[in-house]
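*Asks:* show me the folded form of this:
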Amino acid sequence: MDKELTDDERYPWLDDESRRLLAWLHEHPAAPRFNHHCGDRLTAAGLERVRQFEDLVNTAPPSWRPDKPPAWLAGFVAFCFRDVPFYRQQGAAPGRLGDVPTCARADLSREPWRFVPDSLPLDDLIVYNTSGATGQPLDVLSHPETASKYLPLLRAALRLYGITLEGGRHPRTGRPRVALLLVCSQRRTYTYASVLSFLGGAGFAKINLDPMDWRDPGDRARFIDDCRPEIFTGDPLSFAELARLPLQHRPKALISTAMQLLPGLRQELAERFGCPVIDLYAMNEAGPIAAATRAGHVLLQPRLYVEVLDEDGQPCPPGERGEITLTGGFNPFIPLLRYRTGDYASLSSSGTQPLLIGLEGRPPVVFRGAASREINNIDVTGALKPFALPGFQLHQAADGAIKLSVLPSSADTGGLHAALSGLFGQEQNVEIVVVERLGGPGGKVIQYSREESGD
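*Replies:* Next comes the predicted model:
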């Protein structure tokens, strides 16, 4: 966070037009009560490096097979064992990536500073705290250029759908446009307006749709319609709330991240806003990783190698589900070597283009149906696909009873009950509970959970 910085420090490149756009976002009569200040802090040299990264994303997309890893991988492993304290403590660099011990979020959370390369200057180090989708706190060490490098990856995801994120100036007015609006729907979160040098000084705002963040609940639609952003980003919960507002604006696309987007809601949102809805797989530690297409999730980062591992850390055969494990990345303060994500999929390819198939966040959960039949969470997701659920939580008690918690806007309780009874068995105790908010004390939504029966 950079509240103590001046505007000149937050925006070293700021020109008069972008300064006027930033003032307009802050002073708009329907603007939310922004509670934070944030700028991209990109120098001219930093902006050039981000542009070079986009060139790499465009010209050298991920292209490898599990039996033929990319050429840069060996040098990256050697660098980590030479320069990064966490890996160096393990001894000499192994000859094969498969011999490198895996690590996980707990390692990064416990000692994030041990992942910082010794040779890296700390002048522009950014530290922010997140609990992500798991509820486990994590101090993310990052850099201004890393934050701006999200934009080329978003552009790459949009390009899969034939969409261009332009930024720059509006063709009619000649003034910078609002390129992105990050939409949240939470009790509390940081909100701010900014401008983006990589997109030619175009505007960006992070807003929270909770009415308490606005002077008047009706201001939400007024502000968004006046901003007319090219793209909305958010999660299924915030998009479901966005769809209830009387908006006239139609963006180019919605990019959904942070939690699973069910096909029923994707279709409903696409019809409501008249544009594609793109499911983006991303995490704080590694940024945008892959974008969903009909073929599977297409990997985006040119210097990110993905394995799918079993419980013993061995690569799964093609088509077999396992834990997504990352090596590489574009954040210089978190070089990853065999980093277990806690997310699961199988690995496939279209030629030399790697794909993640059947991606679902968090470890698989096996439930008990009638006659002790095993039912995994993928089957539950399949049963819920026809419903436009922005979010849900399914829990099985020790006695086998099923409780599905949903929000009022998606409360087709009869249909949900029939779908789950059909899956688990008509004799199974199934309860549908309508709640105002999902999540535990930390506000995080854990979709699937189960108490052990003790038998």
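*Asks:* how about the helices in the stretch 1-150 of the chain?
*Replies:* 7-10, 16-27, 44-59, 72-83, 85-88, 105-110, 144-148, 150-159 (DSSP state H, counting those that start in this stretch).
*Asks:* among these, which is nearest residue 365?
*Replies:* Nearest of the helices of the stretch 1-150 of the chain to residue 365, taken as C-beta to C-beta: helix 105-110 at 18.3 Å. All C-beta atoms are positioned from the backbone trio N, CA, C, and that covers glycine.
*Asks:* quick one on the thing from earlier: so which of the helices of the stretch 1-150 of the chain comes closest to residue 119?
*Replies:* For the helices of the stretch 1-150 of the chain, the distance to residue 119 is smallest for helix 72-83, at 5.5 Å, taking C-beta to C-beta.
*Asks:* related to what we said a few turns ago, got the helices of the stretch 1-150 of the chain as a markdown table, with mean neighbour count columns?
*Replies:* Shown next, in a markdown table, are those (neighbours: other C-beta atoms under 10 Å):
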| stretch | mean neighbour count |
| --- | --- |
| helix 7-10 | 13 |
| helix 16-27 | 16 |
| helix 44-59 | 14 |
| helix 72-83 | 16 |
| helix 85-88 | 18 |
| helix 105-110 | 16 |
| helix 144-148 | 21 |
| helix 150-159 | 21 |
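*Asks:* residue 343: which of those is closest?
*Replies:* Nearest to residue 343 among those is helix 105-110 (11.0 Å), distances taken as C-beta to C-beta.
*Asks:* tell me what the closest one is packed against?
*Replies:* Helix 105-110 sits against strand 138-142, strand 336-350, with contacts defined as 3 or more C-beta pairs under 8 Å, 6 or more residues apart in numbering; DSSP states H and E.
*Asks:* rebuild those as TSV, extending it with mean neighbour count and mean pLDDT.
*Replies:* TSV is the format used below for those (neighbours: other C-beta atoms under 10 Å; pLDDT from 0 to 100):
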stretch	mean neighbour count	mean pLDDT
strand 138-142	19	85
strand 336-350	20	92
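*Asks:* so for this structure, the centremost residue is which one?
*Replies:* With distances taken as C-alpha atoms, centre = their mean, residue 282 lies nearest the centre of the chain, 3.5 Å away.
*Asks:* which residues touch that residue?
*Replies:* Applying C-beta atoms under 8 Å, 6 or more residues apart in numbering, we find residue 282 in contact with 257, 258, 288, 289.
*Asks:* what do you get if the cut-off is 6 Å, keeping everything else the same?
*Replies:* Taking C-beta atoms under 6 Å, 6 or more residues apart in numbering, we find residue 282 in contact with 257, 288, 289.
*Asks:* also residue 303?
*Replies:* Contacts for residue 303 (C-beta under 6 Å, 6+ apart) come out as residue 328.
*Asks:* closest one of the contacts of residue 282 to residue 451?
*Replies:* Closest to residue 451, out of all of the contacts of residue 282 and judged by C-beta to C-beta, is residue 257, at 29.8 Å.
*Asks:* who's in contact with that closest one?
*Replies:* Applying C-beta under 6 Å, 6+ apart to residue 257 gives the contacts 280, 282.
*Asks:* please repeat the previous calculation with a cut-off of 8 Å.
*Replies:* 233, 234, 235, 279, 280, 281, 282, 288.
*Asks:* next: residue 450.
*Replies:* 365, 366, 367, 395, 396.
*Asks:* I figured the last one hits residue 402, correct?
*Replies:* Yes. Shown here, residue 396 and residue 402 form a contact pair, counting by C-beta atoms under 8 Å, at 5.5 Å.
*Asks:* residues shared between the contacts of those two?
*Replies:* Between them, residue 396 and residue 402 share these contacting residues under C-beta under 8 Å, 6+ apart: residue 367.
*Asks:* thinking again about what came up before, what's the helix or strand for the residue nearest to the centre of the chain?
*Replies:* Assessed by DSSP states H and E, residue 282 sits inside strand 277-283.
*Asks:* and that strand, what's its mean pLDDT?
*Replies:* The predicted model assigns strand 277-283 a mean pLDDT of 95.
*Asks:* mind saving the C-alpha coords of that strand as PDB?
*Replies:* The C-alpha trace of strand 277-283 is given here as PDB (Å, rounded to 0.1, in the frame of the first residue of the first chain):
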ATOM      1  CA  VAL A 277     -17.800 -14.300 -19.800                       C
ATOM      2  CA  ILE A 278     -14.200 -15.600 -19.400                       C
ATOM      3  CA  ASP A 279     -13.200 -17.900 -16.500                       C
ATOM      4  CA  LEU A 280      -9.600 -17.000 -15.600                       C
ATOM      5  CA  TYR A 281      -7.500 -19.200 -13.400                       C
ATOM      6  CA  ALA A 282      -5.200 -17.000 -11.300                       C
ATOM      7  CA  MET A 283      -3.600 -16.800  -7.900                       C
END
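*Asks:* name the helix or strand of the protein that has the lowest mean pLDDT.
*Replies:* Lowest by mean pLDDT, DSSP states H and E among the helices and strands of the chain is strand 126-130, with a mean of 76.
*Asks:* that older thread, as CSV, the contacts of residue 257 with distance to residue 339 would be great.
*Replies:* Putting the contacts of residue 257 into CSV (distance: C-beta to C-beta, whole Å) gives the following:
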residue, distance to residue 339
233, 24
234, 26
235, 23
279, 22
280, 19
281, 14
282, 14
288, 16
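*Asks:* so among those residues, which ones count as buried?
*Replies:* 233, 234, 235, 279, 280, 281, 282, 288 (16 or more other C-beta atoms under 10 Å).
*Asks:* thinking again about what came up before, the helices of the stretch 1-150 of the chain: lowest mean pLDDT?
*Replies:* Minimum mean pLDDT among those: helix 7-10, a mean of 83.
*Asks:* low-confidence ranges in this structure?
*Replies:* 1-3, 129-137, 361-364, 378, 409-411, 439-445, 453-455 (pLDDT under 70).
*Asks:* who does the strand holding residue 282 pair up with?
*Replies:* Note on strand 277-283: by DSSP bridges, its sheet partners are strand 253-256 (parallel), strand 287-293 (antiparallel).
*Asks:* closest one to residue 189 among the ones you listed?
*Replies:* Of all the strands paired with strand 277-283, it is strand 253-256 that lies closest to residue 189, at 16.8 Å by C-beta to C-beta.
*Asks:* after that closest one, which helix or strand is next?
*Replies:* Helices and strands here follow DSSP H and E; after strand 253-256, the next one along the chain is helix 263-273.
*Asks:* so which residues make contact with that following helix?
*Replies:* Helix 263-273 has contacts (C-beta under 8 Å, 6+ apart) with 232, 236, 239-240, 243, 250-251, 254, 256, 276-277, 279, 384-390.
*Asks:* 10 Å instead, please
*Replies:* The contact list for helix 263-273, computed with C-beta atoms under 10 Å, 6 or more residues apart in numbering, reads 232, 236-237, 239-240, 242-244, 247, 249-254, 256, 261-262, 275-279, 292, 381-382, 384-391, 410.
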